[in-house]
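Trainee: this one's structure only:
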């Protein structure tokens, strides 16, 4: 049980290190960074969960793998004793992993509640706070960010470990189904009531997930073949041992491969492996020869109305208020009056665009928070903005300057040249 606990704890540590490391390295886009983080977490967790126990207990001297002398574990093959020790620990790990969503949400909720209580000096008064910065207040009293990348990595880890050992340990399949059911149920609830609303992502993460899942059949068939072709379990073969501490050799190696009950899995695994190999290294050549391998683009008709009839009323209001403020106070605008009138007269849509509908940085709540920007459609906006002078008439400049600088390259030079960027320049 101690080893199982260590594996679970190490998975959490590896996940945290992977996220910090990829964030430190950085990527060109947020989606690309999440993709790299997903891959890093998955590789680390899969090695720690599915490979480390196997390699530590493996003895490759009988198999004849080059460099196999490095591995001098107790087991030459998937023998009954292996299932009783290594297989048992793997099963324990997967069972504990299945209930981890409950512990993670419990810890997250407890920490948030504790920090909020400390901020209110353990008072029940919701209006009381020690925080003087609006964004810090929002960060504390809103839910945590939805970390979709390690959710993907965790799902892949369960899939790979299950398919790797499922033939020999069939209970892995119901455990995996239970894990996905728990994950689905918890995520449905927490996304609605606990986490911040996740941003809209492009298809990079989904395509990356599908790409990694394509390798799973090879893993399933190759490991499944080796388990089903074990001679001790399925053929009753044995070799003499000198004492009870010696592990019986199995006579199961690449040299002894023959036609048996596991041969169909070997043939299917070899065929799929060859196809994947050619897809990776000779994709362009195969495409020229007419082999597509499902690479055709699928056009999806979402049956959405025109842009102006598919925007949420809150998004229309945001754009109208932002544009009015920039035009009336600073002399430039992001959209012309005709488009503003269309947005202002828009009725509630039947089908809406998901996520942020504009290619404007400040329309994305994530960027607006990073810039400490208070939008113009926020009620009592000046009361939420504090600057470093006693003049309460110019507080909006503290946020407006962010919108001006981000749009500076698109502002007419005659207008841009009038900006002095000193206190009171909007008056």
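Mentor: Perfect, I can see it now. These numbers were taken from a predicted model, which means no experiment stands behind them. Numbers count the residues shown, from 1 in each chain.
Trainee: What about the closest residue to residue 334 other than its chain neighbours? Give its phi and psi, please.
Mentor: Nearest residue to residue 334, sequence neighbours excluded (C-beta to C-beta, 6 or more residues apart in numbering): residue 323, at 5.4 Å. Using the backbone N, CA and C atoms, a C-beta is placed for each residue, glycine as well. Phi and psi for residue 323, reported as degrees, to the nearest 10, are phi -70, psi -40.
Trainee: For residue 323, which residues are in contact?
Mentor: Residue 323 makes contact with 333-335, 340 under the criterion C-beta atoms under 8 Å, 6 or more residues apart in numbering.
Trainee: at 10 Å what do you get?
Mentor: By C-beta atoms under 10 Å, 6 or more residues apart in numbering, the contact set of residue 323 is 332-337, 339-340, 343-344, 376.
Trainee: Over to residue 140?
Mentor: Residue 140 neighbours (C-beta under 10 Å, 6+ apart): 112, 115-116, 118-119, 129, 131.
Trainee: Recalculate using a threshold of 8 Å.
Mentor: 112, 115-116, 119, 131.
Trainee: of all the contacts of residue 323, which comes closest to residue 144?
Mentor: Distance to residue 144 across these (C-beta to C-beta) is lowest for residue 376, with 27.8 Å.
Trainee: Quick check: nearest residue in space to that closest one, chain neighbours excluded?
Mentor: residue 321 (4.0 Å).
Trainee: just to revisit the earlier point, which of the contacts of residue 323 sit farthest apart?
Mentor: So, the contacts of residue 323 by C-beta to C-beta: farthest apart are 332 and 344, at 18.9 Å.
Trainee: Neighbour count: those two, which is higher?
Mentor: Per other C-beta atoms under 10 Å, whichever of residue 332 and residue 344 has more neighbours is residue 332, with 18 against 14.
Trainee: That one should be in a helix, yeah?
Mentor: No: counting by DSSP: H, G, I helix; E, B strand; the rest coil, residue 332 is not part of a helix but coil.
Trainee: how many neighbours does residue 53 have?
Mentor: When neighbours are counted by other C-beta under 10 Å, residue 53 comes out with 20.
Trainee: let me fix that: residue 128
Mentor: If you count neighbours by other C-beta under 10 Å, residue 128 ends up with 10.
Trainee: before we move on, what about residue 221?
Mentor: Neighbour number of residue 221 under other C-beta under 10 Å is 23.
Trainee: Kindly report the same for residue 239.
Mentor: Neighbours of residue 239 using other C-beta under 10 Å come to 10.
Trainee: Likewise for residue 359?
Mentor: The local packing of residue 359 (other C-beta under 10 Å) involves 7 other residues.
Trainee: Can you find the helix or strand of the protein with the lowest average pLDDT?
Mentor: helix 2-25 (a mean of 70; mean pLDDT, DSSP states H and E).
Trainee: Quick check: buried residues in the helix or strand just after that one?
Mentor: Using DSSP states H and E, the next helix or strand after helix 2-25 towards the C-terminus is helix 30-46. Residues of helix 30-46 classed as buried: 31, 33-46 (neighbour count, 16 or more other C-beta atoms under 10 Å).
Trainee: can you tell me which of those lies nearest to residue 260?
Mentor: residue 46 (29.4 Å).
Trainee: For residue 241, give its distance to residue 76.
Mentor: 12 Å (C-beta to C-beta, to the nearest Å).
Trainee: How about the secondary structure of the residue of the chain most remote from its centre?
Mentor: Taking C-alpha atoms, centre = their mean, the residue of the chain most remote from its mean C-alpha position is residue 242, at 52.2 Å. Per three-state DSSP, the secondary structure class of residue 242 is coil.
Trainee: Tell me which residue lies nearest the centroid of the protein.
Mentor: In the chain, the residue lying closest to the centroid (C-alpha atoms, centre = their mean) is residue 149, at 1.1 Å.
Trainee: Residues contacting stretch 247-261, please?
Mentor: By C-beta under 8 Å, 6+ apart, the residues outside stretch 247-261 that reach it are 59, 62-64, 74-77, 79, 81, 226, 228-232, 234-235, 237-239, 241, 266.
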